[in-house]
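Asker: From the sequence below, what's the structure:
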Amino acid sequence: MQTTSVPVTDRADHSLTAYIADFVVSTSAADIPADVARLGKRSVLDGIGLAFAGAASETGRIVRRYLASLSFASDGGSTVIGGGMRLPARFAAFANGISIHADDYDDTQLALAKDRVYGLLTHPTAPALPAVLSLAERCGMSGRDAMTAYQVAVEVECKVAEAILPRHYQNGFHSTATCGAIGAAAAAARVLGLDVEATRRALSLAASQAGGLRENFGTMTKPFHAGRAAESGVVAAELAALGFTASPIALEADRGFFRAAGGGYSAEMIDGKLGHPWTFASPGVSIKPHPSGSLTHPGMSVMLELIRLHDLRPERVKRVAVGTNHNMPNALIHHRPRNELQAKFSMEFCMAILLLERKAGLAQFTDEVVNRHDVQALLRRIDFGVHPEAEAAGFDKMTTIVEVELDDGTTFKGSADFGKGSPINPMSDRELEQKFFECAQWGGEEPANSRRIADLVWRIEELTNVRELTRLLAGAHA
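Answerer: Sure thing, here's the model as predicted:
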């Protein structure tokens, strides 16, 4: 798409927004290290599987009914993964972003600074990948170029999230929604081939659209945040390409995103740091083994280990105490959940279901399971709160201390700073593929088609046209 440049003042020429825009425009595939490229493909495969599973959720079904009512479905549009629809790029991105995040099973950024809370930053793939796929499919872009756009988007999104002051999250903003919109704009600007000045305006437009409240955790509005962020990025880039004006310094200005949404930012965490190192390399991105908030995962890893070591049985458990830093109960807010979405943000449910079924996958996070008598009864024996040791460990960790007391007074205890799926305890490629196949099957996909998709993602940089992949994504509903 041809872009229209808008002159800027000298004051803006050396701005942070300009630096980010230049990174978006100038980064080449050759600039991405091989290990980072591999990690990116893992998250793309994960995201596609989650989109299939999320399309089968009630959230996904409602979104498709809404989009169908708008009467613009077209054979020439972009693919809604697992939805059997083709829509204008912005709406395909919206639907796919919601589906990827619908089960809260998607990848999660880590933090570096002690006051930036791991797990409370962005889910990077849910906003970025839908923006890339919807526009890259429309453009007939190569797989190599599409992956470069995805990598650039994730890098921008994560560094923006890392830089904004913690007040942003602590006071109620959901950073997947806010920083995700900026990352999606970077993705869309890259795919559309915008120049630096148009990219700056796209970033500014996205920043003005950024919004999303943590009060909505445990409802369908949380995945809506991711879908809206993906759509906002596409809209921002498409308008900027047409010459739509915006401040060239809307991220760092006194009345800009960082100040308005977070009270400021730490420049040293982003200025000069894009790609130095790449976030996928350090501190890394976690891929979830369970469809629940990432803050539950260290405790779940501990509980599974205690169950394995001591053959714990729920009927023998008198009490479970789970202790974390104070930020974690601030996000895991549903102590007596009554539906699957609330259960994803309930440490108590996650502990209970592991004791009862020794696993916690998509089949365990359903309204029917959550409301079972044995589940609700066990919830009352689980206490979740702040532990001084976890608080002292620093907020860059998710330190979780689990203590299980049996009916005879025997006590077992364990702790973990991170859960399975984190960079220090990653899922293997085989485990990741198994998760992908399970998610695709949950969404009604045939195993043969799922296998073809996985094979294409692993060699996506070889595809001359990303449509070789997207044509397989419409799914069983098509």
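
Asker: Tell me how the protein divides into domains.
Answerer: If you go by automatic domain parsing, the domain ranges for the chain are 10-288+435-470, 294-416.

Asker: N96 contacts L87, correct?
Answerer: No. Look at N96 against L87 with CB atoms under 8 Å: they stay out of range, at 9.8 Å. Where C-beta positions appear, they are placed from N, C-alpha and C, glycine not excepted.

Asker: more crowded one of those two?
Answerer: N96 (36 against 24; other CB atoms under 10 Å).

Asker: K435 versus the more buried one, what's the distance?
Answerer: From N96 over to K435 the distance is 18 Å, taken as CB to CB, to the nearest Å.

Asker: swap in T178?
Answerer: For T178 relative to K435 (CB to CB), the value is 27 Å.

Asker: T324 too?
Answerer: 25 Å.

Asker: neighbour-wise, which of these two wins?
Answerer: T324 (29 against 25).

Asker: Ramachandran angles for that one?
Answerer: With angles defined as degrees, to the nearest 10, T324 shows backbone torsions of phi -140, psi -180.

Asker: tell me which residues form a beta bridge with it?
Answerer: Counting by DSSP bridges, T324 is bridged to V386.

Asker: Show the contacting residues for it.
Answerer: Contact analysis of T324 by CB atoms under 8 Å, 6 or more residues apart in numbering lists L295, G299, M347, F384, G385, V386, H387, A390, M398, T399, T400, I401.

Asker: that older thread, quick one: closest of the domains of the chain to M427.
Answerer: domain 10-288+435-470 (5.4 Å; CB to CB).

Asker: pLDDT averaged over that closest one - what is it?
Answerer: Domain 10-288+435-470 shows a mean pLDDT of 94.

Asker: swap in stretch 352-371?
Answerer: Averaged over stretch 352-371, pLDDT sits at 98.

Asker: what are the C-alpha coordinates of it, in PDB please?
Answerer: The C-alpha trace of stretch 352-371 is given here as PDB (Å, rounded to 0.1, in the frame of the first residue of the first chain):
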ATOM      1  CA  ALA A 352      -8.600 -28.400  43.600                       C
ATOM      2  CA  ILE A 353      -8.900 -29.700  40.000                       C
ATOM      3  CA  LEU A 354      -5.300 -31.000  40.100                       C
ATOM      4  CA  LEU A 355      -6.100 -32.900  43.400                       C
ATOM      5  CA  LEU A 356      -9.300 -34.300  41.900                       C
ATOM      6  CA  GLU A 357      -8.200 -35.200  38.400                       C
ATOM      7  CA  ARG A 358      -4.400 -34.800  38.300                       C
ATOM      8  CA  LYS A 359      -4.600 -32.700  35.200                       C
ATOM      9  CA  ALA A 360      -5.900 -29.400  34.200                       C
ATOM     10  CA  GLY A 361      -6.600 -29.000  30.500                       C
ATOM     11  CA  LEU A 362      -9.500 -27.600  28.300                       C
ATOM     12  CA  ALA A 363     -11.800 -30.500  29.400                       C
ATOM     13  CA  GLN A 364     -11.300 -29.500  33.100                       C
ATOM     14  CA  PHE A 365     -12.100 -25.800  32.600                       C
ATOM     15  CA  THR A 366     -15.800 -26.000  31.800                       C
ATOM     16  CA  ASP A 367     -18.900 -24.700  33.600                       C
ATOM     17  CA  GLU A 368     -20.000 -28.200  34.300                       C
ATOM     18  CA  VAL A 369     -16.800 -29.200  36.000                       C
ATOM     19  CA  VAL A 370     -16.400 -26.000  38.000                       C
ATOM     20  CA  ASN A 371     -19.900 -26.500  39.500                       C
END
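
Asker: and A377, how many neighbours does it have?
Answerer: Per other CB under 10 Å, the neighbour tally for A377 reads 11.

Asker: Which residue lies nearest the spatial centre of the chain?
Answerer: Nearest residue to the geometric centre of the chain (CA atoms, centre = their mean): H123, 2.2 Å.

Asker: so which helix or strand takes in that residue?
Answerer: For H123, there is no helix or strand it lies in under DSSP states H and E.

Asker: For it, give its distance to F437.
Answerer: From H123 to F437 the distance is 21 Å (CB to CB).

Asker: Now do the contacts for the residue nearest to K159 when sequence neighbours are not counted.
Answerer: Nearest residue to K159, sequence neighbours excluded (CB to CB, 6 or more residues apart in numbering): I270, at 4.6 Å. I270 sits next to L16, I20, K159, V160, E162, A163 when contact means CB under 8 Å, 6+ apart.

Asker: Using TSV, lay out the residues you listed together with distance to G409 and neighbour count.
Answerer: Listed next are the contacts of I270 as TSV, based on distance: CB to CB, whole Å; neighbours: other CB atoms under 10 Å:
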residue	distance to G409	neighbour count
L16	58	20
I20	58	27
K159	50	25
V160	51	31
E162	45	24
A163	49	25
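
Asker: for those residues, which one is nearest F257?
Answerer: When the contacts of I270 are compared against F257 (criterion: CB to CB), the nearest one is V160, at 8.3 Å.

Asker: show me the contacts for that closest one.
Answerer: I20, C179, I182, G183, L251, I270.

Asker: Dump those residues to a markdown table, plus secondary structure and distance to F365.
Answerer: Formatted as a markdown table, the contacts of V160 follow (DSSP: H, G, I helix; E, B strand; the rest coil; distance: CB to CB, whole Å):
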| residue | secondary structure | distance to F365 |
| --- | --- | --- |
| I20 | helix | 37 |
| C179 | helix | 26 |
| I182 | helix | 30 |
| G183 | helix | 27 |
| L251 | coil | 36 |
| I270 | coil | 35 |
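
Asker: Just give me the closest of those to K41.
Answerer: Closest approach between those and K41, by CB to CB: G183, at 17.8 Å.

Asker: In this structure the closest one contacts V156, no?
Answerer: Yes. In this structure, G183 is within contact of V156 by CB under 8 Å, at 5.1 Å.

Asker: More neighbours: the two, which one.
Answerer: Ranked by neighbour count (other CB under 10 Å), G183 and V156 place G183 first, with 34 against 30.

Asker: picking that back up, compile the contacts of V160 into TSV and extend it with columns for distance to A352.
Answerer: Formatted as TSV, the contacts of V160 follow (distance: CB to CB, whole Å):
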residue	distance to A352
I20	44
C179	33
I182	38
G183	35
L251	43
I270	40
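
Asker: wait, which of the residues you listed is closest to R214?
Answerer: Nearest to R214 among the contacts of V160, counting by CB to CB, is C179 at 13.5 Å.

Asker: buried stuff in the helix or strand harbouring A95?
Answerer: Counting by DSSP H and E, the element that carries A95 is helix 89-102. Residues of helix 89-102 classed as buried: 89-102 (neighbour count, 16 or more other CB atoms under 10 Å).

Asker: Beyond that helix, next helix or strand please.
Answerer: Sequence order places strand 108-109 as the next helix or strand after helix 89-102, per DSSP H and E.

Asker: Could you export the helix or strand following that next one as PDB, CA atoms only?
Answerer: Moving toward the C-terminus from strand 108-109, the next helix or strand (DSSP H and E) is helix 125-139. Listed next in PDB are the C-alpha coordinates belonging to helix 125-139 (Å, rounded to 0.1, in the frame of the first residue of the first chain):
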ATOM      1  CA  THR A 125       1.000 -13.300  20.300                       C
ATOM      2  CA  ALA A 126      -2.800 -12.700  20.700                       C
ATOM      3  CA  PRO A 127      -2.600  -9.100  19.400                       C
ATOM      4  CA  ALA A 128       0.400  -9.400  17.100                       C
ATOM      5  CA  LEU A 129      -0.200 -12.600  15.100                       C
ATOM      6  CA  PRO A 130      -3.800 -11.800  14.000                       C
ATOM      7  CA  ALA A 131      -2.800  -8.400  12.600                       C
ATOM      8  CA  VAL A 132       0.100 -10.000  10.700                       C
ATOM      9  CA  LEU A 133      -1.900 -13.000   9.300                       C
ATOM     10  CA  SER A 134      -5.000 -11.000   8.200                       C
ATOM     11  CA  LEU A 135      -2.900  -8.400   6.200                       C
ATOM     12  CA  ALA A 136      -0.200 -10.800   5.000                       C
ATOM     13  CA  GLU A 137      -2.900 -13.100   3.600                       C
ATOM     14  CA  ARG A 138      -4.500 -10.200   1.800                       C
ATOM     15  CA  CYS A 139      -1.200  -9.000   0.400                       C
END
